[in-house]
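>>> below: sequence and its predicted model.
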Amino acid sequence: ISDNQTLTRLLEQNLLRGSDVTLVGLHGRDAGPATQKRLTDAGAKIVPTAAIQEKGWQAITTDLIAGLKTGPENVFVSFDMSVLDPGDAPASGRPVPGGITMREAIPMVRQLCAQTEVVGFDLLDAAPILDPTYVSRMSANYILHACLSGIAIRKTGATSVQTAKR
């Protein structure tokens, strides 16, 4: 048993419905065809990093939020630092080249938290002690700030991230 089996165990034990799970930014060898098939067979939706690079973060985020509007009322975001490119988070638990950039992650998280009813947010797979440059710590800080500022924007009643009062 390892930490990368948590989602599988939650789905197998019916503690989480696959149809309520969307994985954004899946990439790397641990996200191979067998893993993707197992997750999609359970009902999870997968948005690979390649889709973000092809369509752009704005389109992916818009689609993600539209899908959440028809799903559960409350949203829990689990942000795995391994989704980021190692240049932005070298001390993630499983750094794999080709991840999303902070330029993509920050507005995605902010918009998601501003436009949905986020009731929980966790940041995982960070190992900042492995990064003497502090880049991973700064990236983690900015991701958390993006979520909190998104929630604050939502609570002000702004209709979009761009129209929020500063």
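Thanks, I have it. Quantities reported herein were computed from a predicted structural model and do not represent experimental measurements. Numbering: from 1, shown residues only.
>>> from now on I want contacts and neighbour counts done on CA atoms only, so please keep to that.
OK.
>>> how much space between the spatially most central residue of the chain and Val24?
With distances taken as Cα atoms, centre = their mean, Phe79 lies nearest the centre of the chain, 4.4 Å away. Using Cα to Cα, to the nearest Å, Phe79 is found at 9 Å from Val24.
>>> return the set of buried residues in stretch 94-104.
94-96, 98-102, 104 (16 or more other Cα atoms under 10 Å).
>>> repeat that for stretch 30-43.
Those would be 36, 39-40, 42-43, for stretch 30-43 by 16+ other Cα under 10 Å.
>>> now, which of those residues sits nearest Leu7?
Leu39 (8.9 Å; Cα to Cα).
>>> ok now the helix or strand where the closest one lies, how far from the chain's centre?
Under the criterion of DSSP states H and E, Leu39 resides in helix 33-41. With Cα atoms, centre = their mean, to the nearest Å as the basis, helix 33-41 stands 18 Å off its chain's centre.
>>> so Arg110 touches Ala152, yeah?
No. Shown here, Arg110 and Ala152 do not form a contact pair, counting by Cα atoms under 8 Å, at 9.8 Å.
>>> between the two, which is the more surrounded one?
Between Arg110 and Ala152, counting by other Cα atoms under 10 Å, Arg110 is the more crowded of the two (23 against 16).
>>> what about the more buried one, is that helix, strand or coil?
Put simply, Arg110 is helix when judged by DSSP: H, G, I helix; E, B strand; the rest coil.
>>> run through the strands of this structure in chain order.
22-26, 45-48, 75-80, 118-124 (DSSP state E).
>>> and those strands as TSV, adding distance to Leu16 and mean pLDDT?
Listed next are the strands of the chain as TSV, based on distance: least, Cα to Cα, whole Å; pLDDT from 0 to 100:
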stretch	distance to Leu16	mean pLDDT
strand 22-26	12	89
strand 45-48	13	91
strand 75-80	12	93
strand 118-124	15	93
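>>> can you lay out those as a markdown table showing distance to Thr61?
Below are those laid out as a markdown table (distance: least, Cα to Cα, whole Å):
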| stretch | distance to Thr61 |
| --- | --- |
| strand 22-26 | 10 |
| strand 45-48 | 10 |
| strand 75-80 | 13 |
| strand 118-124 | 15 |
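>>> out of these, flag the one nearest Leu130.
That would be strand 118-124 among the strands of the chain, by Cα to Cα, at 14.6 Å.
>>> that closest one pairs with which strands, and in what direction?
Taking DSSP bridges as the criterion, strand 118-124 forms sheet pairs with strand 75-80 (parallel).
>>> show me how far the strand it pairs with is from its chain's centre.
6 Å.
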